[in-house]
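J.: What shape does this take:
(one chain, ligands or ions: 2)
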Amino acid sequence: MLLEVRELRVEFRTRDGVAHAVNGVSYEVDAGETLAVLGESGSGKSVTAQAVMGILDMPPGRITGGRILFQGQDLLTLKEEERRRIRGAGMAMIFQDALSALNPVISVGDQLGEMFVVHRGMSKKDARAKAVELMERVRIPAAAQRVRDYPHQFSGGMRQRIMIAMALALEPALIIADEPTTALDVTVQAQVMDLLAELQREYHMGLILITHDLGVVADVADRIAVMYAGKIVESAPVRDIYKAPAHPYTRGLLDSIPRLHQKGQELYAIKGLPPNLMNIPPGCSFHPRCPMAQDVCRTDEPPLYEVSGTRGSACHFWRECLDDHDR
Ligand code: SF4
Ligand code: MG
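T.: Ligands and ions are numbered 1, 2, ... in the order given. From the prediction side, this is the model:
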């Protein structure tokens, strides 16, 4: 297994109290596999990814439990120097906002090239050639000329392609993409997602795709992990989820995807807000918003029940949820 996250816990100490951002998350990703991690903002999906990347080790964020195994090595026991080496060559991250992730005063060619100078000891000239090659690889037109341009001279979609090129540069085993297409318009979104999926297959990388939009991952993900209040509430192969969700929260997300044949109809949106992470509701943390909630949900926290060999749901009434969908 390429990456195994086991019972991970992360908290943030603030002046107002302790925010429990990640509360026992486990997931895994194999080489060549795409895991979509889904949830609203504040569900812990980005924080989990930042812990994997090792960019969370500073206060106020603190990992308080669990293990992160990357190629069999527990990342949480490594020295910062070893961690940095893995962050450079073993795994890479793509962020939502390329404009703030890229350096505005350095040409994209130099930014791409620097990866090869620093990590591969290449000459500036060879690194420049590699930068052009990468830009062609992510289909930036006229790459040989545009390599001298600065980030703001590119469109949002092209900038996102440059971020993908940066992430791919050292051919990492794992890429984590946090809302990589959220800032783009729908057509460009699909193009960038297709490119990412294509490169992922070609390089046989593991890919973690973090998103709040179940619609964008349907065609590219193998598995989906749905997060709520710092926990995974449903985990399943993508096909199973689309056929019938086994958790009311997943169903809410699924029903929120606009469908062409439903035009004009009001979309079901999950009512209410995600909980305050300093004060997570007892029992099932989703109960204040759940249309299926019963008394037991307010007192007993559901474990991740085994729905099948490859599927889990943290809902006491997952059977009813599945049946309900079939009707
Ligand atoms: Fe809803 Fe209860 Fe299931 Fe939680 S355990 S999702 S409140 S039905
Ligand atoms: Mg986020």
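J.: Which positions in the stretch 51-200 of the chain make contact with ligand 1?
T.: Not one residue of the stretch 51-200 of the chain sits near ligand 1, judged by Cβ under 6 Å from any ligand atom. In short, each C-beta sits where N, CA and C put it, glycine included.
J.: the strands in the stretch 51-200 of the chain, which residues?
T.: Here the stretch 51-200 of the chain has its strands, by DSSP state E, counting those that start in this stretch, at 61-70, 73-74, 91-94, 174-178.
J.: Those into TSV, with extra columns for mean pLDDT and mean neighbour count?
T.: Converted to TSV, the strands of the stretch 51-200 of the chain look like this (pLDDT from 0 to 100; neighbours: other Cβ atoms under 10 Å):
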stretch	mean pLDDT	mean neighbour count
strand 61-70	96	17
strand 73-74	96	12
strand 91-94	94	24
strand 174-178	96	24
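J.: So which of those strands is nearest residue 158?
T.: strand 91-94 (14.1 Å; Cβ to Cβ).
J.: distance between that closest one and the chain's centre?
T.: Chain-centre distance of strand 91-94: 10 Å, with Cα atoms, centre = their mean, to the nearest Å.
J.: Repeat that for stretch 9-22.
T.: With Cα atoms, centre = their mean, you get 21 Å for stretch 9-22.
J.: distance between the ends of it?
T.: Start and end residues of stretch 9-22 are separated by 5 Å (Cα to Cα, to the nearest Å).
J.: what about it, average pLDDT?
T.: The average pLDDT within stretch 9-22 is 93.
J.: Mind listing what's buried along that stretch?
T.: Across stretch 9-22, burial judged by 16 or more other Cβ atoms under 10 Å covers 9-12, 19-22.
J.: okay, whichever helix in the chain runs longest in CSV with CA atoms only?
T.: Secondary structure of the chain read by DSSP state H shows that its longest helix is helix 186-203. What follows is helix 186-203, C-alpha atoms only, in CSV (Å, rounded to 0.1, in the frame of the first residue of the first chain):
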residue,chain,number,x,y,z
VAL,A,186,-17.3,24.4,-15.5
THR,A,187,-15.8,23.7,-18.9
VAL,A,188,-12.3,24.4,-17.8
GLN,A,189,-12.9,22.4,-14.7
ALA,A,190,-13.7,19.3,-16.7
GLN,A,191,-10.6,19.8,-18.9
VAL,A,192,-8.2,20.2,-15.9
MET,A,193,-9.8,17.2,-14.2
ASP,A,194,-9.4,15.0,-17.3
LEU,A,195,-5.8,16.0,-17.6
LEU,A,196,-5.1,15.2,-14.0
ALA,A,197,-6.8,11.8,-14.4
GLU,A,198,-4.8,11.1,-17.6
LEU,A,199,-1.5,11.9,-16.0
GLN,A,200,-2.3,10.0,-12.9
ARG,A,201,-2.9,6.9,-15.0
GLU,A,202,0.2,7.4,-17.1
TYR,A,203,2.5,7.9,-14.2
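J.: I'd like to know which elements that helix is packed against.
T.: helix 156-168, strand 206-211, helix 214-217 (3 or more Cβ pairs under 8 Å, 6 or more residues apart in numbering; DSSP states H and E).
J.: most tightly surrounded among these?
T.: Ranked by average neighbour count under the criterion mean count of other Cβ atoms under 10 Å, these are headed by strand 206-211 at a mean of 25.
J.: Among the strands of the stretch 51-200 of the chain, which comes closest to residue 132?
T.: Using Cβ to Cβ, the strands of the stretch 51-200 of the chain put strand 91-94 closest to residue 132, at 19.6 Å.
J.: What strands flank the closest one, and is each parallel or antiparallel?
T.: Partners of strand 91-94 in the sheet, by DSSP bridges, are strand 174-178 (parallel).
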